[in-house]
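Participant: I would like to see how this sequence folds:
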Amino acid sequence: MNTGNRRTQPGGRPATRTPRTVPQESFLQRNRNRLLLGLAAVALVGMAGLAFLNATSPAYACTTQWTPDPTAAPEPGATPRLGYVQTDLGRDHVSLGSFVRYGLCPPASGNHYNAQGEGPVRPGVYGPDDQATPQGWIHNLEHGGLVLLYRCTGSDTACTDSGQAALKAFNTSFPNSPVCKLPPGSVGPVIARFDQMKTPYAAIVWGVILPLQTLDTAQIDAFFAQQGEQTNPEPLCAKPTPTPAPIGTPAPSATPAPSATSAPSAT
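Facilitator: Below you'll find the predicted structure:
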């Protein structure tokens, strides 16, 4: 047997080799990769959950569904005013994505967005599944546009194919604005779904609402011709100066009667 490689201690006994101790890894060291993957998966699930909540949570809320106050009968022979005045809900600008609670719905004023494409929104017909919130179209009201809201609850027909076709036909035939003479598509009309109201339809200008049980386009046109661009705080043109009444022409002064000629004296 070859013993040339064995070391001997003094006294002739071979030296014993101390076994090398392998350090034990901790739980974190052994499972570091698994833990990192698990944390990444939890983070992804959390981000997906937040995105889902943001997509499904409402952008606004309503405290009360508005009911118009009764109005006094017009004077005999006077032209009746169409629509009902709603309490002023303010007009502050809010950042995009801000949640807004409106005291009355549908709102004819209130806080709204001020960003390109988000407020004012693009005029036209928004379908039942399109996103069109008050934070956007209230800015259209502020500039004098008309907003026509429709409801899709219960037996309402606005969301049927025929109902949507009627709304698109109304949008196509919409007239120029009554004061600034803006063509349709400039700032209105905005036709959008809004379920938080007590009537199937509602035509709105700033601060004034015309509730409707049916899509009475003639009544909406008359409402806009009478009330459009009259109350909005940010007009897009100068309102015409009222023409003063003509000044009456004074009557000519009376010509004095000729004095009487005295009779000749008797000779």
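Participant: Report the contact partners of residue 170.
Facilitator: 148, 189, 191, 215, 217, 220 (CB atoms under 8 Å, 6 or more residues apart in numbering). Yep, even glycine has a C-beta here, placed from its N, CA and C like the rest.
Participant: switch to 10 Å and redo it
Facilitator: With contacts defined as CB atoms under 10 Å, 6 or more residues apart in numbering, residue 170 is in contact with 125, 148, 189, 191, 215, 217, 220-221.
Participant: Equivalent analysis for residue 197, please.
Facilitator: Listed by CB under 10 Å, 6+ apart, the contact set of residue 197 reads 62, 65-67, 104-107, 149-151, 153, 209, 211.
Participant: After the helix or strand of the chain with the lowest mean pLDDT, which helix or strand is next? Please name it.
Facilitator: Lowest on mean pLDDT, DSSP states H and E among the helices and strands of the chain sits helix 32-56, with a mean of 58. Next in sequence after helix 32-56, counting helices and strands by DSSP states H and E, comes strand 60-65.
Participant: Tell me the strands beside that next one, with direction?
Facilitator: According to DSSP bridges, strand 60-65 forms sheet pairs with strand 100-105 (parallel).
Participant: residues of the partner strand that come out buried?
Facilitator: Within strand 100-105, the residues that count as buried by 16 or more other CB atoms under 10 Å are 100, 102, 104-105.
Participant: is it possible to export those residues to JSON lines including distance to residue 129 and pLDDT?
Facilitator: Converted to JSON lines, those look like this (distance: CB to CB, whole Å; pLDDT from 0 to 100):
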{"residue": "100", "distance to residue 129": "21", "pLDDT": "96"}
{"residue": "102", "distance to residue 129": "22", "pLDDT": "97"}
{"residue": "104", "distance to residue 129": "25", "pLDDT": "97"}
{"residue": "105", "distance to residue 129": "20", "pLDDT": "97"}
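Participant: Pick out the most distant pair among these.
Facilitator: 100 and 104 (12.5 Å; CB to CB).
Participant: which residues do the two both contact?
Facilitator: 89, 110.
Participant: Strands of this protein, start to end?
Facilitator: With DSSP state E as the criterion, the chain has strands at 60-65, 84-85, 93-94, 100-105, 112-113, 124-125, 147-150, 190-193, 201-205, 208-212.
Participant: Out of the contacts of residue 170, which is nearest to residue 73?
Facilitator: residue 220 (22.6 Å).
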